[in-house]
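Participant: Just to be clear, the model below is a prediction. Sequence and coordinates:
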Protein chains: 2
Amino acid sequence: MASSPPTPDDSAVYITLIGSGTIGLSFAAFHLQHLKSPEHLTIYDTRPDLSSYIETTLPKYLPAAQHGLISSIKLSTSEDTLADAVSNATIIQEQGPENAEFKCSIWAQIEKHAKPDALLWSSTSGIPASVQSRDMKDKSRLVVVHPYNPPHIMPLLEVVPTPQTGPDVIERTLNFWRTRGREPVVIHKECTGFVANRLAFALLRESIHLVNEGVVSVEELDKIVESSMGPRWTVAGPFKSYHAGGGAGGLESFFGNIGGTVQGCWDDIGTPSVGDGWEKKIFQQSQDAYGTIDTTQRDRITKSVLRAVKNGKSADKASD
Amino acid sequence: MASSPPTPDDSAVYITLIGSGTIGLSFAAFHLQHLKSPEHLTIYDTRPDLSSYIETTLPKYLPAAQHGLISSIKLSTSEDTLADAVSNATIIQEQGPENAEFKCSIWAQIEKHAKPDALLWSSTSGIPASVQSRDMKDKSRLVVVHPYNPPHIMPLLEVVPTPQTGPDVIERTLNFWRTRGREPVVIHKECTGFVANRLAFALLRESIHLVNEGVVSVEELDKIVESSMGPRWTVAGPFKSYHAGGGAGGLESFFGNIGGTVQGCWDDIGTPSVGDGWEKKIFQQSQDAYGTIDTTQRDRITKSVLRAVKNGKSADKASD
């Protein structure tokens, strides 16, 4: 039987979120469920209506029993209060505008006021820490921690250090998320879009190609993925799946058996670009099929799927 | 509340499977759980040890309570018996060698002996019905019904007609699978690799690229997919997910917001080919990470994931 992960000691954890868009709200919900006290959470955002905004939007991310915690969160709404907002934090997590100048500027300011051992995380989906740290004195402190939306539900965190990021920063970051049941994965080289989005967008590109060619509709394509790769890759990622598909000979046998078919698909792969003219048809089909989507149902089912995987894997470990 | 699917009347269904490899065995298991009697199932395969082979391999696909059904399946092992094997069938489902000559030849023979209204399905992953039907008198009868492995568990069936396939053939095929809780999807144009494999191989290609470049390992890449896209796409396919990601403006807003990031990933996408030299590293990493995979655990967890989705969607419908 596998050992349990160490239980986090949250009494000394103080988190300051920089930015309160959908990612910030989702992280706020996650942290509220783990921090010792809601007063250990600070949200910094210069929008003037921050207090009423948080009161009206954050409840959607939380079970009703926890709505009462929201009023105890510390809020910080002006540039003058940034120093106060970060000075006591052990973790400062940024999800401001996706703008390199903003990020360079805010990290330089944060560095002046943060504790020397505070973890500095950016949720950026595309601006590497090596760019964001330009004006910092100690560039070894910053690391990208890119979530998969919405982070209060999805387990993945892509941890993307620069070549200068300190090993202890990476280690403490991984430990934080692992002890909270999440799946942080280190990306060993900074690259455009990191890994999850690159993979998803590769499949999206071929999806756009096939719908644009009239092979299937938007809705049919979604049904195909939902009833095949989705559940398969929830349990075993692509390499593991095809390694299993090769039997005892693994991935090598898989390619020995059907490498020709794989190459045939690759030779025929579509390469649409943004602005190529497929947009009108595909946006319209999506709108007709889905209208405005209520993600509450999606998120609830996603949680039950993740629970099924977790229970299934625990049962396996218990019987090992 | 949505109406239930019509209950299939299986008393008149007789199925003959041509070929008993892993796909044939898996379909045999599926059909055994739905046919009125195991005697309604015939397996045709010219391997001389068919009887002992079926007795030893098929139980792995079935719950213990159903192992007793296996001995009642009708077996047919010589070319002389093909006529007998198909003459009573209402469905003839082929998963023989992936070889166009074999398929052209067997369908021409089957057509001579099959009932005029029997459904003729090929499980091929790559040889279109328009090729397979070359020597048939009535080419409107054949349709590809391509499963996602293993078909006794995975819901998807890609139904790929030719321009000549009769509408009633398509309709009866869809009806068969829908009434048995499966997700048949019509592919409107025959194309290399159909849809599911094209999509999966597009993502696999970028996966190979990223591991080959040292961005992540095989195992890290799998963890990324298992903790992000896998569960997401189980609940909502790529278009539906990104349509939701765009909020009220849908997919159009999504591309308005981050189309530049998407294009950045597309511009940087990897294009490895089979035989390019990535194989040694990636086969070895897969072997080191996974060895020989026991798919029993994977399949059990997959079933619980599919159940979680089904229950979640039923609950939504009940509360509509």
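Facilitator: Alright, I've got the coordinates. Residues are numbered from 1 along each chain as shown, chains lettered A, B, ... in the order given.

Participant: quick one, helices of chain A?
Facilitator: A:22-32, A:50-57, A:82-87, A:100-113, A:129-132, A:167-178, A:196-212, A:218-226, A:229-235, A:238-245, A:250-267, A:279-290, A:295-318 (DSSP state H).

Participant: Tell me which of the ones you listed lies nearest to B:Ser76.
Facilitator: Comparing those against B:Ser76 with CB to CB, the closest turns out to be helix A:250-267 (26.4 Å). The way it works is simple: take the backbone N, C-alpha and C, and place the C-beta from them, glycine included.

Participant: What is the neighbour count of A:Pro48?
Facilitator: Residues contacting A:Pro48 under the criterion other CB atoms under 10 Å in any protein chain shown number 10.

Participant: rewinding a little: can you tell me which of the helices of chain A comes nearest to chain B?
Facilitator: Taking CB to the nearest CB, helix A:218-226 is the member of the helices of chain A nearest to chain B, at 2.7 Å.

Participant: Alpha carbons of that closest one, as CSV, please.
Facilitator: Only the C-alpha atoms of helix A:218-226 are listed here, as CSV (Å, rounded to 0.1, in the frame of the first residue of the first chain):
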residue,chain,number,x,y,z
VAL,A,218,-18.5,20.6,-34.8
GLU,A,219,-20.9,18.6,-32.6
GLU,A,220,-20.0,15.3,-34.2
LEU,A,221,-16.3,15.9,-33.7
ASP,A,222,-16.9,16.7,-30.0
LYS,A,223,-18.9,13.5,-29.6
ILE,A,224,-16.1,11.5,-31.2
VAL,A,225,-13.5,12.9,-28.7
GLU,A,226,-15.9,12.6,-25.7
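
Participant: between it and helix B:196-212, how big is the angle?
Facilitator: Here helix A:218-226 runs at an angle of 60 degrees relative to helix B:196-212 (axes from the mean of the first three to the mean of the last three CA atoms, to 10 degrees).

Participant: List the contacts of helix A:218-226.
Facilitator: For helix A:218-226, contacts defined as CB atoms under 8 Å, 6 or more residues apart in numbering or on different chains pick out A:203, A:207, A:210-211, A:216, A:282, A:285-286, A:289, B:156, B:158, B:183, B:185-186, B:195-196, B:199, B:233-240, B:309.

Participant: and what of stretch A:307-320?
Facilitator: A:1-2, A:234-235, B:226, B:231, B:297, B:300-301, B:304-305, B:307-308.

Participant: List buried residues within these.
Facilitator: A:Thr234, A:Val235, B:Glu226, B:Pro231, B:Gln297, B:Ile301, B:Ser304, B:Val305, B:Ala308 (16 or more other CB atoms under 10 Å in any protein chain shown).

Participant: okay, those in JSON lines with pLDDT next?
Facilitator: Converted to JSON lines, these look like this (pLDDT from 0 to 100):
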{"residue": "A:Thr234", "pLDDT": "98"}
{"residue": "A:Val235", "pLDDT": "97"}
{"residue": "B:Glu226", "pLDDT": "98"}
{"residue": "B:Pro231", "pLDDT": "98"}
{"residue": "B:Gln297", "pLDDT": "91"}
{"residue": "B:Ile301", "pLDDT": "96"}
{"residue": "B:Ser304", "pLDDT": "97"}
{"residue": "B:Val305", "pLDDT": "97"}
{"residue": "B:Ala308", "pLDDT": "96"}
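
Participant: ok, the residues you listed vs A:Thr165, which is closest?
Facilitator: Checking those against A:Thr165 by CB to CB gives B:Glu226 as the nearest, at 25.1 Å.

Participant: Any figure for the gap between that closest one and B:Tyr290?
Facilitator: 13 Å (CB to CB, to the nearest Å).

Participant: Repeat that for A:Phe27.
Facilitator: Noted for A:Phe27: a distance of 33 Å to B:Tyr290, by CB to CB.

Participant: I'd guessed A:Thr90 sits against A:Tyr14; true?
Facilitator: Yes. Taking contacts as CB atoms under 8 Å, A:Thr90 lies within contact range of A:Tyr14: 5.1 Å.

Participant: So between the two, which is more surrounded?
Facilitator: Using other CB under 10 Å as the criterion, A:Thr90 and A:Tyr14 rank with A:Tyr14 on top: 22 against 17.
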